[in-house]
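Enquirer: with the input below, show me the fold.
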Amino acid sequence: MSSYNYLLSERDRQWNNIENLGNLNEELERTRSNLIYDQDTILIHARQMGYGYHNERFVRIVGLASANTPPSTAGNIYYAGEPAFISDKNMKITALILGMLVFIFLFMLELIEKRSR
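Expert: Numbering: from 1, shown residues only. Reported below is the predicted structural model:
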C-alpha cells in the first residue's frame, strides 16, 4: 500500500469519525433540550432517581443566581472589616507628581523638536 493510499484511507476514517461525533452531538443536544424544557422527561428522570412519588408534581425554579452565596446562620453576629482606602493627601500628592512628570515630558519633547529644526 502506497503512502498516498494510506493517507486517503486515514482521511476517510477521520471523516467517518467526525460524522459519528456529529451524530452523537445531535443526540446529546436533543437529550439536553428534553431535560431542560420537556416536563415529562424531567418527571421521568426525577422519579427514576428517587426524587418523587407517583402523585407528586415537580416545579422548575429558575433565576436564582444569588442562591450560590453561603447561607448565614440566624443569631450569628457579623462584623464589617475596616475598609482599605488611600487617603486624600496621598491622592493629591500622587496627582501633583504625575502632573509634573507629564509637564516635564512635554517640555522635553518641545526642546527636542526645537533642536531638530
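
Enquirer: what is the longest helix anywhere in the chain packed up against?
Expert: When the chain is scanned for its longest helix (criterion: DSSP state H), the result is helix 3-37. Judged by 3 or more CB pairs under 8 Å, 6 or more residues apart in numbering; DSSP states H and E, helix 3-37 is in contact with helix 39-48. (Glycine included, C-beta is placed from N, CA and C.)

Enquirer: and the helix it packs on with helix 3-37, angle?
Expert: 90 degrees (axes from the mean of the first three to the mean of the last three CA atoms, to 10 degrees).

Enquirer: thinking again about what came up before, any idea how far the longest helix of the chain is from the middle of the chain?
Expert: 27 Å (CA atoms, centre = their mean, to the nearest Å).

Enquirer: average pLDDT for that helix, rounded please.
Expert: Averaging pLDDT along helix 3-37 gives 90.

Enquirer: so Lys89 is in which element?
Expert: helix 88-116 (DSSP states H and E).

Enquirer: tell me what that helix is packed against?
Expert: If you count contacts as 3+ CB pairs under 8 Å, 6+ apart, helix 88-116 packs onto no helix or strand.

Enquirer: break the chain into its domains for me.
Expert: 1-60, 87-117 (automatic domain parsing).

Enquirer: in a markdown table: the ones you listed, plus distance to Ala80.
Expert: What follows is the domains of the chain, written out as a markdown table (distance: least, CB to CB, whole Å):
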| stretch | distance to Ala80 |
| --- | --- |
| domain 1-60 | 37 |
| domain 87-117 | 20 |
